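Participant: Pasted the sequence and its predicted model underneath.
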Amino acid sequence: MVYEQPDVTYGYQAMFQLFGDQPDKPLSLFYSSSNKVNTLFQERVRMSVLKSSSVDTNDDGMMDRLELGLQVRDI
């Protein structure tokens, strides 16, 4: 019996909405990896740094986990 794993590639899209407090009003920021979605939230979109890494914990050559880190500034 032979077992094979398919070779699959994915395209990831990300969308984040961040909430917080400012001294005079609530804070709501937005970031997306899609330019079309960003146009819907133009007044709240912020430049962001999105870092990602794939983790293969069992060394089988297949991704087990996708880790994301997002830095957003309210400027």
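Facilitator: Received the coordinates, thanks.

Participant: for residue 37, helix, strand, or coil?
Facilitator: In three-state terms, and counting by DSSP: H, G, I helix; E, B strand; the rest coil, residue 37 is helix.

Participant: so what's the residue nearest in space to the middle of the chain up against?
Facilitator: When Cα atoms, centre = their mean is applied to the chain, the residue found nearest the centroid is residue 14 (4.0 Å). Residue 14 sits next to 31, 32, 33, 50, 68 when contact means Cβ atoms under 8 Å, 6 or more residues apart in numbering. No exception for glycine: its C-beta is placed from N, CA and C like everyone else's.

Participant: who are the neighbours of whichever strand or helix holds the first one, in terms of helices and strands?
Facilitator: What that stands for is residue 31. Using DSSP states H and E, the element containing residue 31 is strand 26-32. Applying 3 or more Cβ pairs under 8 Å, 6 or more residues apart in numbering; DSSP states H and E, we find strand 26-32 packed against strand 15-21, helix 35-40, strand 65-72.

Participant: Could you export those as TSV, including mean neighbour count, mean pLDDT and distance to residue 1?
Facilitator: TSV is the format used below for the helices and strands packed on strand 26-32 (neighbours: other Cβ atoms under 10 Å; pLDDT from 0 to 100; distance: least, Cβ to Cβ, whole Å):
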stretch	mean neighbour count	mean pLDDT	distance to residue 1
strand 15-21	11	87	42
helix 35-40	11	88	46
strand 65-72	11	88	29
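
Participant: just so I know, which of the ones you listed lies nearest residue 9?
Facilitator: Comparison of those against residue 9 by Cβ to Cβ identifies strand 65-72 as nearest, at 13.3 Å.

Participant: If anything else comes up later, I'll come back, but that's it for now.
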